[in-house]
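Colleague: Predicted model follows, preceded by the sequence.
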Amino acid sequence: MPGLVAIPVPGHTRGSVVYLLDEHVLFAGDSLAWSMGEQDLVAFRDACWYSWRTLTASLAKLADYRFEWLLPGHGWPAHLAADEMNARLRALVIRMREGESARG
């Protein structure tokens, strides 16, 4: 489909992929979600079936893309300005890296 890009994001599973439509809508599957409680982007360490470190690296690379809508497989959909979504994604990656080093 024109405007649809498949982006590999291994981590949740070895073959995880997200789909970006027209640089606006990200279909994130189980790799990324919105938490209503935290009012922020989250990743689910307890449901990471392949590699947390690899998921962290994948989400860091995903920050090179722009999107405004997040449609996850679990959690809540979210809509933010693209710059705000990107800043929150980069902040999530930092939190993930900090948790990774704290847990060894």
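Modeller: All right, it came through fine.

Colleague: ranges for the strands of the chain?
Modeller: For the chain, applying DSSP state E gives strands covering 4-8, 17-21, 25-29, 33-35, 40-42, 69-72, 78-79.

Colleague: Give the buried residues for the fifth one.
Modeller: Under the neighbour-count criterion of 16 or more other CB atoms under 10 Å, strand 40-42 has 41-42 buried. Yep, even glycine has a C-beta here, placed from its N, CA and C like the rest.

Colleague: strands paired with that strand, and their directions?
Modeller: strand 33-35 (antiparallel) (DSSP bridges).

Colleague: for the partner strand, the distance to its chain's centre please.
Modeller: Its chain's C-alpha centre and that of strand 33-35 lie 9 Å apart, by CA atoms, centre = their mean, to the nearest Å.

Colleague: which one's the longest helix in the protein?
Modeller: When the chain is scanned for its longest helix (criterion: DSSP state H), the result is helix 82-103.

Colleague: quick one: it to strand 25-29, angle?
Modeller: Between helix 82-103 and strand 25-29, the angle comes out at 30 degrees (axes from the mean of the first three to the mean of the last three CA atoms, to 10 degrees).

Colleague: Thanks again, I'm all set now.
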